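In: One predicted model, sequence on top.
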Amino acid sequence: MKYLLNSIRSWRLKRQALRRPNYFSTVTCPRCGKRSRDQMPGNASVYFYHCLRCNSMFKPKPGDCCVYCSYGDVPCPPRQRTGWARQGGLENK
Ligand SMILES: [Zn+2]
């Protein structure tokens with residue numbers, strides 16, 4: 001009985017992980033190169049990135065919606081979704 005409960009619990013955890021897009025991005029500071037692993041908000045674009053080491057504020061590069069798309073190794077969640085939509089030919093630009 002105990003074994004059954006544990007397996008149900010781990011199955012639930014696995015399903016939660018599958019439903020979530022990748023919300024973590026490693027942002028590299030363009031000035032000093034410091035890397036920090038940040039959690040991204042699900043639906044908001046983050047327009048300013050503050051580096052704790054060199055104390056600089058950065059805006060996204062032209063054409064990018066947020067600092068994670070410009071300086072992170074993973075694009076932000078909204079762009080992850082539009083990226084998938086673009087593969088289906090929904091690009092408007
Ligand atoms: Zn920096």
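Out: Structure received. For clarity, every value in this text was computed on a predicted model and none was experimentally measured.
In: now this structure, which segments are flagged as low pLDDT?
Out: Across the chain, the ranges flagged by pLDDT under 70 are 1, 13-21, 83-93.
In: and it, which residues reach the ion?
Out: Cys29, Arg31, Cys32, Lys34, Cys51, Arg53, Cys54 (Cβ under 5 Å from the ion). The C-beta positions use only the backbone N, C-alpha and C, and glycine is treated the same way.
In: what residues are up against the last one?
Out: With contacts defined as Cβ atoms under 8 Å, 6 or more residues apart in numbering, Cys54 is in contact with Cys29, Arg31, Cys32, Lys34.
In: For the residues of the chain next to the ion, give me TSV that also has secondary structure and distance to Lys2.
Out: Below are the residues of the chain next to the ion laid out as TSV (DSSP: H, G, I helix; E, B strand; the rest coil; distance: Cβ to Cβ, whole Å):
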residue	secondary structure	distance to Lys2
Cys29	coil	48
Arg31	coil	54
Cys32	coil	52
Lys34	coil	46
Cys51	coil	49
Arg53	coil	48
Cys54	coil	52
